[in-house]
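**Q** Here you go, sequence then predicted model.
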Amino acid sequence: MSAPVPGAAPAQTPRRALIMGVVNVTPDSFSDGGRFAQADAAIAQGLRLTAQGADWIDVGGESTRPGAVRVDPAIELARVLPVVRELAAAGVAVSIDTLNASTAAATVAAGARLVNDVSGGLADPAMLTAVADGGAEVALGHWRGPSSEMYAHAHYDDLFAEVQQELQRRVDAALAAGIDPARIVLDPGIGFAKGGEQNWQMLAALPRLVAGTHRVLIGTSRKRFLRTLLGEERDDLAARDLATAITSGLAAAAGVWCVRVHEVASTRIALDVAAAWQSGLGTNSRAEENHGEA
């Protein structure tokens, strides 16, 4: 039986996009590397983000920052498995951010409900079969190679058309592997094989991507193109989180299913504002959820 999507609402009820809070169980992530490298700290952070309003917690044990080198799957699994197990046991909707089929299979067995593969199944040929066998949801990212070389592939004649076509090929592969189409989420890969202006162009085209068949996940959080926009004189963590909240709110207004962020509280406010603006209701979505009305 298919597990329900967290935060699912009746079709007639306007609601905000969902929030996926990031927990990096790594020493080298570009934003918070090392802060949550120990399982206890990572579990506490996942619970903290959930309390702040995250609908999903995305646990990752391998950095995909620009220039990052691959991690042995056994090391990755040792980092993330206890975190996934404890968060799932606490009732948290957990996604696993991994490129490895073995990690996906083990963490889904431990309670993860979504596999967030930024490569869309290209990094590990066994990934899509593992997802199908485990029955999890899957987020398929747009990808043109590993982080160490991805900017060498950031050349497009028609950015949106090429991203859309490449994502469709990953959807076709997922369907061929036996994944239920209702379990497929698409991620256009902001920051992956895309330079600064290309990221903004992709965000501007979100309504076209959202108009397709599958749910859309967007992750802009603290990424380099936001830092470039801010410039050195304004670039600090608070400014990046503000820029993230704004881009997440705009993505929500464009109709995305979920936004992936490091800082949940400000994003929650941005998404509530976007939902109130669009619906014209001005109601607090968390209060509605607590009363079973959302």
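**A** Received it, and whenever you're ready, just let me know what you need. Numbering: from 1, shown residues only.

**Q** so where does the residue located most distally from the centre of the chain fall, helix or strand?
**A** The C-alpha centroid of the chain is most remote from residue 233, which lies 28.9 Å away (Cα atoms, centre = their mean). Taking DSSP states H and E as the definition, residue 233 sits outside all helices and strands.

**Q** Quick check: phi and psi at it.
**A** Taking degrees, to the nearest 10, you get phi -70, psi -20 for the backbone angles of residue 233.

**Q** Please enumerate the strands of this structure.
**A** Remark: strands assigned in the chain by DSSP state E are 18-24, 56-60, 94-97, 114-117, 137-141, 184-187, 215-218, 258-261.

**Q** Go through the ones you listed and name the closest to residue 35.
**A** Nearest of the strands of the chain to residue 35, taken as Cβ to Cβ: strand 18-24 at 7.8 Å. All C-beta spots, glycine's among them, are computed from the backbone N, C-alpha and C.

**Q** residues in contact with the closest one?
**A** For strand 18-24, contacts defined as Cβ atoms under 8 Å, 6 or more residues apart in numbering pick out 6-7, 31-33, 35-36, 42, 45-46, 49-50, 52-60, 63, 83, 95, 97, 116, 217, 219, 221, 257-262, 264, 267-268, 271.

**Q** again, but for stretch 240-248
**A** 17, 203, 218, 220-222, 226-227, 229-230, 259, 261-263, 266-267, 269-271.

**Q** Can you give me the separation between residue 133 and residue 119?
**A** Residue 133 is 18 Å from residue 119, where distance means Cβ to Cβ, to the nearest Å.

**Q** Which of those two has more residues huddled nearby?
**A** Neighbour count, other Cβ atoms under 10 Å: between residue 133 and residue 119, residue 119 has more, with 21 against 16.

**Q** Please verify my assumption that that one contacts residue 100.
**A** No: the pair residue 119 / residue 100 is not scored as a contact, 10.0 Å apart, by Cβ atoms under 8 Å.

**Q** and the most centrally placed residue in the chain, what does it touch?
**A** Compute the mean C-alpha point of the chain, and by Cα atoms, centre = their mean the closest residue is residue 260, 4.2 Å away. Going by Cβ under 8 Å, 6+ apart, residue 260 touches 20, 22, 58, 116, 217-219, 221.

**Q** got a pLDDT number for residue 68?
**A** Residue 68 carries a pLDDT score of 62 in this model.

**Q** Please apply the same query to residue 174.
**A** Here, the pLDDT recorded for residue 174 equals 98.

**Q** dump the residue contacts of the residue lying closest to it once chain neighbours are set aside.
**A** Of all residues not flanking residue 174 in the chain, residue 128 sits nearest, at 5.2 Å (Cβ to Cβ, 6 or more residues apart in numbering). By Cβ under 8 Å, 6+ apart, the residues touching residue 128 are 121, 138, 173-174, 176-177, 179.

**Q** Understood, closing this out.
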